[in-house]
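Enquirer: what would the 3D arrangement of this be:
(chains A, B, C and D)
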Protein chains: 2
Amino acid sequence: MKAPGYAAAASEDLLTGELLLRRAFLAAPLHTGARNAVIVSADDRAPAALLFHRGFAYRSLSLPDGRRAILDILIPTDVTGLDHAVLGGGGNHEIVAANAVSYRRLSAQALRELMKNPQVALRVLALMGEARWRIDRHMAAITRFDARGRIAALLLGIYERLRRNELISRPTYNLPLTQELLADYLGITMVHVSRTLRRMREERLVLVDRQVVIILDLEGLRRAASGIPPLNVGAAPMPQSSDELAL
Amino acid sequence: MKAPGYAAAASEDLLTGELLLRRAFLAAPLHTGARNAVIVSADDRAPAALLFHRGFAYRSLSLPDGRRAILDILIPTDVTGLDHAVLGGGGNHEIVAANAVSYRRLSAQALRELMKNPQVALRVLALMGEARWRIDRHMAAITRFDARGRIAALLLGIYERLRRNELISRPTYNLPLTQELLADYLGITMVHVSRTLRRMREERLVLVDRQVVIILDLEGLRRAASGIPPLNVGAAPMPQSSDELAL
DNA sequence: TTTGTGCGTTAACACAAGTTAAATTGGCAG
DNA sequence: CTGCCAATTTAACTTGTGTTAACGCACAAA
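Expert: As a prediction, the model looks like this:
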């Protein structure tokens, strides 16, 4: 029943866990993939966790009739696959490069080895908790917002993630995803994405031209995605030495 | 580079991890909650993992304007909260009993202690992977199916989960969720759920009366939720001694 | 220059889903 | 039995989104 000091010890463990995990990743070679390169295929039988270093990628699930759902958008500093690297097979999903990407791969075996360190195990669990939190927000957006709100939530979400990882400082960034991808992520159609972006441009909320996103009215955008809770779970974000990792 | 025997060792570790995790849960007292009881509140500051023993519950996110999204439906034998028990605070979500429930609680502290055992850590990660997999399917359903397909996917999903845990044997079960809850889970309105259920009854696909779900045409239902990939990730489901746990 | 080709834009129309409101049902406390 | 209350059902109407199809634009290849 050592109540005091608990939270402090926890975050300390998380920090050293993060350090070890990152070190393991950084020991792996840097892979690269061109736009549309399939980084993980649906029938992949060699599970591994990935740390993204540069470029955007997405995780998608293709339905037999040709439609697909985008499950997750992956940006630099994101880690994915920690969970199903432990399970036997892959997850039926694909991971595809949205533009030129580079990333590092941690084999399931190496991950299992690392997990023997409780600090790493905790950090891994925390990472999954953060991912879950992002998914929760996205799910709320998808189930309860119309197209405008969903797009607002998406643009804001990416903005906040980039900013939190110190990849950008001003409300402007590069979004190398086609509108068709956005549509499959948001549960609407390509055509409707285009329509809605025009409306939002006319409202002077945001300007999306090709891959460039310029947020004109941050508060307005927040209102449009009204009620989406903030990004953080409550845990402090890991301090990111952005030079070491994100460049 | 010990390639052979790897998968076997992995699943063996998962089994003992499961055993230890379950033992820890079973050592905790059995809590109960009446219908609509708030098991975890949005501002909860004492994170814990939960193992559900009897009854249904749901995890929800309330938006400031009164709307809400149901993030997850929890059935007996489900474990939730493993991730955010590790993170500092709660997850901004609520967990509410849909009917009379009983469950066990594993404090974050106890969980952290248990996680020092790598086998437990692996099993915990595997559990989160399974949960993620379910969410992926649900996300695909929500983004790409119409109301009929979403309802089909939901009814099938619950059916398969119940059957996998040997809680039922025939395609009939009790679903103690109001249509309003289903609507908030599926991203449609209560009224539309009712309409669609009528249509599906007329099609002789499924019969939903009050809380009773009777699947009339399993194949037809599968077709309606066409393209939703199967429940399992590829890893064998944990053997469940249903008497010990689920009763 | 010409010819692709992949993406984005726009419009017209069809249809699925939301909204509102009223009626019905069933459970349950008195 | 009565009356209340929550959940469900149904209808009429409105609105958001999907569908189809045509066109424009940038960029690369020939």
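
Enquirer: for A:Ala48, list the residues it contacts.
Expert: For A:Ala48, the contacting residues are A:Val40, A:Gly81, A:Ala85, A:Arg105, A:Leu106, A:Ser107, A:Ala108, A:Leu111, by Cβ atoms under 8 Å, 6 or more residues apart in numbering or on different chains. Every C-beta, even on glycine, is put in place using the N, C-alpha and C of the backbone.

Enquirer: these in strands, which ones?
Expert: Among the contacts of A:Ala48, the ones falling in strands (DSSP state E) are A:Val40, A:Arg105, A:Leu106, A:Ser107.

Enquirer: go back to these and keep what's next to DNA strand D.
Expert: Counting by Cβ under 7 Å from any atom of the strand, the subset of those that neighbours DNA strand D is empty.

Enquirer: derive a ChimeraX selection command for the buried subset of these.
Expert: Per 16 or more other Cβ atoms under 10 Å in any protein chain shown, the buried members of the ones in strands among the contacts of A:Ala48 correspond to this ChimeraX selection:
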select /A:40,105,106
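
Enquirer: with pLDDT and distance to chain B as extra columns, can I get the ones in strands among the contacts of A:Ala48 in CSV?
Expert: Shown next, in CSV, are the ones in strands among the contacts of A:Ala48 (pLDDT from 0 to 100; distance: Cβ to the nearest Cβ, whole Å):
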residue, pLDDT, distance to chain B
A:Val40, 94, 14
A:Arg105, 96, 16
A:Leu106, 96, 13
A:Ser107, 93, 10
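
Enquirer: so A:Leu106 bridges to which residues?
Expert: A:Ala49 (DSSP bridges).

Enquirer: so what's it up against?
Expert: Contact analysis of A:Leu106 by Cβ under 8 Å, 6+ apart lists A:Ala24, A:Phe25, A:Ala28, A:Ala48, A:Ala49, A:Leu50, A:Leu51, A:Ala85, A:Leu114.

Enquirer: got the domain ranges for chain A?
Expert: Following the assignment in automatic domain parsing, chain A carries domains at A:6-144, A:146-233.

Enquirer: for the contacts of A:Leu106, work out which two are farthest apart.
Expert: With Cβ to Cβ as the measure, no two of the contacts of A:Leu106 lie farther apart than A:Leu50 and A:Leu114, at 14.6 Å.

Enquirer: and the lowest mean pLDDT element among the helices and strands of chain A?
Expert: Here the helix or strand of chain A ranked lowest by mean pLDDT, DSSP states H and E is helix A:242-246, holding a mean of 37.

Enquirer: excluding chain neighbours, what is closest to the most centrally placed residue in chain A?
Expert: Centroid-nearest residue in chain A, with Cα atoms, centre = their mean: A:Leu74, separated by 3.8 Å. Spatial nearest neighbour of A:Leu74, excluding adjacent residues (Cβ to Cβ, 6 or more residues apart in numbering or on different chains): A:Ala57 at 4.3 Å.

Enquirer: next one: that neighbour from DNA strand D, what distance?
Expert: Distance, A:Ala57 to DNA strand D, by Cβ to the nearest atom of the strand, to the nearest Å: 21 Å.

Enquirer: how near is that residue to chain B?
Expert: From A:Ala57 across to chain B, the span is 16 Å (Cβ to the nearest Cβ, to the nearest Å).

Enquirer: my guess is that residue contacts A:Ala98. True?
Expert: Yes. In this structure, A:Ala57 is within contact of A:Ala98 by Cβ atoms under 8 Å, at 5.7 Å.

Enquirer: neighbour count winner among the two?
Expert: Each of A:Ala57 and A:Ala98 has its neighbours counted (other Cβ atoms under 10 Å in any protein chain shown); A:Ala57 has more, 28 against 23.
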